[in-house]
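Asks: Structure of the sequence below:
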Amino acid sequence: MKSLRKPNRKPTHPGAVLREDLLPELGVTHSMLASDLGLSEATLCEILNEKHSLTVELAVPIANVFRGSPESWLQMQKAADFWEIQRKE
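Replies: Have a look, this model is predicted:
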């Protein structure tokens, strides 16, 4: 299946989805989400600021909190990581 995303456009990092779409929509603070996920606020901020990759261990609780699938969160991260690696080569 051909991607609809332009190849030169960086894929959306899962932290951006959390930061820009879900947290504001639900009125959830960083500290509330960090607590729900069992993370420090510093680690959550790194994810939200796209400085830290979403791991398998984090995809499951995020999917539980936001009622999605862990696979969809990991696919988003994989696309962002792969794009970054391609740009370095």
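
Asks: residues making contact with the strand or helix carrying Asp36?
Replies: Taking DSSP states H and E as the definition, Asp36 sits inside helix 30-37. With C-beta atoms under 8 Å, 6 or more residues apart in numbering as the test, helix 30-37 has contacts from Leu18, Leu23, Ser40, Glu41, Thr43, Leu44, Cys45, Leu48, Leu58, Pro61, Ile62, Val65. To be clear about C-beta, it is placed using only N, CA and C from the backbone, and glycine gets the same treatment.

Asks: which parts of the helix of greatest length in the chain are buried?
Replies: The longest helix of the chain (DSSP state H) is helix 70-88. Of the residues in helix 70-88, Pro70, Trp73, Leu74, Met76, Gln77, Ala79, Ala80, Trp83 count as buried by neighbour count, 16 or more other C-beta atoms under 10 Å.

Asks: Serialize these to TSV and add fields for distance to Pro11 and pLDDT.
Replies: Formatted as TSV, the buried residues of helix 70-88 follow (distance: C-beta to C-beta, whole Å; pLDDT from 0 to 100):
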residue	distance to Pro11	pLDDT
Pro70	18	97
Trp73	13	97
Leu74	13	98
Met76	7	97
Gln77	9	97
Ala79	4	96
Ala80	5	96
Trp83	5	94
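
Asks: so how many other residues sit close to Leu18?
Replies: 22 (other C-beta atoms under 10 Å).

Asks: Next one: it relative to Leu26, how far apart?
Replies: 10 Å (C-beta to C-beta, to the nearest Å).
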